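# Make a model of this:
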Amino acid sequence: MPHTPPSQAALKKEAIMVSFGSQSMIAPLRSVLLKHPRDAFLSQEHLNAEWKRFGYLSCPSFDKALEEYGYFESILRQFVDDIFYLPSNEETGLDSIYTHDPVQITKNGAILMNMSKALRRKEPAAIQAYLENLDIPIYGAIAEQGKMEGGDVLWLDENTVALGRGYRTNDEGIRQFFSLAAFVENHIIFDLPHARGPEECLHLMSIVSLIDKDLAVVYSPLMPVRLRQYLLERGYSLIEVPEEEYKTLGCNVLTLAPRICVLLKGNATVSSELRRFGAEVYEYPGENISLCGTGGPTCLTRPLLRSC
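Numbers count the residues shown, from 1 in each chain. Okay, here's the model as predicted:
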């Protein structure tokens, strides 16, 4: 069931105990942390003033964003037991709607990221306060000079984590993460391409989404060769995203459970291929909550608990 943000009085009384642990991209999603556009975008006037500064492709419509988000929420509620919402925070901006990036939730607790995008630097602290209220322990944090964003963390299974090294995640961030995640048996690094340069939001998860233990959606032109080889060696079938659908976030697919997934509307080839492989596909309109800020359904969600 959805949960509204607690009041300050409630924060002081007692924590809400929440089960946690999300070392998977495909296990059934049990609880998730979101941030509603009314609390990230605030108003049309705020969007008009801020969208260029945040590097959005165009200015979202506040009213249409609310409508799109309602549709997105309705899909999640069919499958997710508990939905929590970050409250508005004057220290964070438009990008805080994309709750996936500032934190990782492991079986031992939260690992806070250190965001490369300067305008997102305050987001981990804002999430930390909320997680503590949910009684999710803070296991560690990426400190300076390390940089890391959640979109560069790909859980291939509970005991295997892959990190993308690029403009958003650096060597020191990777070193710190692997030190904190020493309880994970297998650590892999994949180098990301230059693509359009450091200003582009290119994460490891920009070019691969896991749909099942043997099925992935990929954008091969930007895919590290070793990652492609690794997935094929593990027996994955790869659904290739065409260039025109990469531009419309067709490679960003949120898996709610094995072969049950959420995709932005307008990616007909990817949708058709997913269904051909036996996947159940739910599509949402997202011009204002996804395309404008280049954040797909995975970006919009921070899984707190995935478990069978």
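# State whether residue 256 is indeed within a strand.
Yes: Residue 256: assigned to a strand according to DSSP: H, G, I helix; E, B strand; the rest coil.
# Double-check it against residue 81; I have them as touching.
No: in this structure, residue 256 is not within contact of residue 81 by CB atoms under 8 Å, at 11.5 Å. For every residue, glycine as well, the C-beta is placed using N, CA and C.
# Read off the pLDDT value for residue 10.
We note a pLDDT of 43 for residue 10 in this prediction.
# cool, the one 4 residues further on as well?
Among the per-residue scores, residue 14 holds a pLDDT of 47.
# Could you number the chain from 26 rather than 1 from now on?
In the new numbering, first residue 26, that becomes residue 39.
# What ranges does the stretch 26-175 of the chain have for its helices?
Using DSSP state H, counting those that start in this stretch, the helices of the stretch 26-175 of the chain run over 33-38, 62-65, 69-75, 87-102, 148-158.
# Just send those back as a markdown table, with mean neighbour count too.
Compiled in a markdown table, the helices of the stretch 26-175 of the chain are given as follows (neighbours: other CB atoms under 10 Å):
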| stretch | mean neighbour count |
| --- | --- |
| helix 33-38 | 10 |
| helix 62-65 | 20 |
| helix 69-75 | 14 |
| helix 87-102 | 17 |
| helix 148-158 | 20 |
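# between those, which gets the lowest average pLDDT?
Among the helices of the stretch 26-175 of the chain, helix 33-38 carries the lowest mean pLDDT, a mean of 40.
# Next, count neighbours for residue 140.
Per other CB atoms under 10 Å, the neighbour tally for residue 140 reads 21.
# Turn the helices of the stretch 26-175 of the chain into CSV, including distance to residue 310.
Formatted as CSV, the helices of the stretch 26-175 of the chain follow (distance: least, CB to CB, whole Å):
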stretch, distance to residue 310
helix 33-38, 34
helix 62-65, 13
helix 69-75, 18
helix 87-102, 5
helix 148-158, 25
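# Which one, of the ones you listed, ends up nearest to residue 134?
Nearest to residue 134, of all these, is helix 148-158, at 8.5 Å by CB to CB.
# helices and strands around that closest one, which ones?
Packing partners of helix 148-158 (3 or more CB pairs under 8 Å, 6 or more residues apart in numbering; DSSP states H and E): strand 128-131, strand 134-137, strand 163-166.
# can you rerun that using 6 Å?
Counting contacts by 3 or more CB pairs under 6 Å, 6 or more residues apart in numbering; DSSP states H and E, helix 148-158 packs against strand 134-137.
# Give me the more crowded residue out of residue 281 and residue 106.
A count of neighbours by other CB under 10 Å puts residue 281 above the other of residue 281 and residue 106, at 24 against 13.
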